[in-house]
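In: starting from these lines, generate the structure:
(chains A and B)
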Amino acid sequence: GESVGLHLPTLSVQEGDNSIINCAYSNSASDYFIWYKQESGKGPQFIIDIRSNMDKRQGQRVTVLLNKTVKHLSLQIAATQPGDSAVYFCAENPSGYSTLTFGKGTMLLVSP
Amino acid sequence: GAVVSQHPSRVICKSGTSVKIECRSLDFQATTMFWYRQFPKQSLMLMATSNEGSKATYEQGVEKDKFLINHASLTLSTLTVTSAHPEDSSFYICSASGGAYEQYFGPGTRLTVT
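Out: Numbers count the residues shown, from 1 in each chain, chains lettered A, B, ... in the order given. Model prediction:
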């Protein structure tokens, strides 16, 4: 039977739009956060990371914002392209070592 | 750099048999390797953490006698699913870390148990 949470939240955008994907994390002690992109049938691919002593970090077409007060992380993708269509996961590092805890994921669908 | 491979990419096996999945770090030494399981449209769930030369640490609810993990070298970890059943069908993903925060993920292995 179908499980609760089987359907990923989905964000549908038009090519060229800016996309914002949000993530709430759970552990206030986490000091490192990563966004991953996962295409169908493949492993996660690193996009961008941020440490807890920062609130914003920019990469190529991507920006990560961190709000530690409300334990919220967001990924902004500028000028979204069809190739950006994938599932995006945030991950937090709660222990100071390399163990990661993944969020539920958001599916981004980009239509031409 | 930081490439991780998995073999096989897909495997179909009969119920009751065992299946071994290999995870290799190709261009760096992985002091720690992680094994995840992912069901369709769900997130990655950590199964176990293994450090080279020592026993794996399993997450709560993961049967260590069913999912055997060996991390015999700094570039290779294996996951053996013993006495597989249809409910073990899933996407298994490994990752490797050289000791810092970053984890580098393999491409995953699709296991189907018939």
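
In: switch to C-alpha atoms for all contacts and neighbour counts from now on
Out: OK.

In: show me where pLDDT drops low in chain B?
Out: Of all residues in chain B, those with pLDDT under 70 make up the ranges B:1.

In: up against chain A, what does it have?
Out: Contacts of chain B with chain A, taken as Cα under 8 Å from any Cα of the partner chain, map to B:40-46, B:93, B:97, B:99-108.

In: let's go with 7 Å and repeat that
Out: B:41-44, B:93, B:100-102, B:105-108 (Cα under 7 Å from any Cα of the partner chain).

In: and the furthest pair within these?
Out: B:Lys41 and B:Ala100 (29.0 Å; Cα to Cα).

In: neighbour-wise, which of these two wins?
Out: Per other Cα atoms under 10 Å in any protein chain shown, whichever of B:Lys41 and B:Ala100 has more neighbours is B:Lys41, with 17 against 11.

In: hang on, the more buried one packs against A:Leu8?
Out: Yes: between B:Lys41 and A:Leu8 there is a contact at 6.0 Å, judged by Cα atoms under 7 Å.

In: could I get the contacting residues of A:Gln14?
Out: A:110-112 (Cα atoms under 7 Å, 6 or more residues apart in numbering or on different chains).

In: name only those of those residues that count as buried.
Out: A:Val110 (16 or more other Cα atoms under 10 Å in any protein chain shown).

In: ok, the contacts of A:Gln14 vs chain B, which is closest?
Out: A:Val110 (17.8 Å; Cα to the nearest Cα).

In: surely the closest one and A:Gly16 touch.
Out: No: using Cα under 7 Å, A:Val110 is not in contact with A:Gly16, being 9.0 Å away.

In: okay, and the common contacts of the two?
Out: Common neighbours of A:Val110 and A:Gly16, using Cα under 7 Å, 6+ apart, are A:Gln81.

In: now A:Ser26, nearest residue through space, not along the chain?
Out: Once flanking residues are discounted, A:Ser26 sits nearest to A:Lys71: 7.0 Å by Cα to Cα, 6 or more residues apart in numbering or on different chains.
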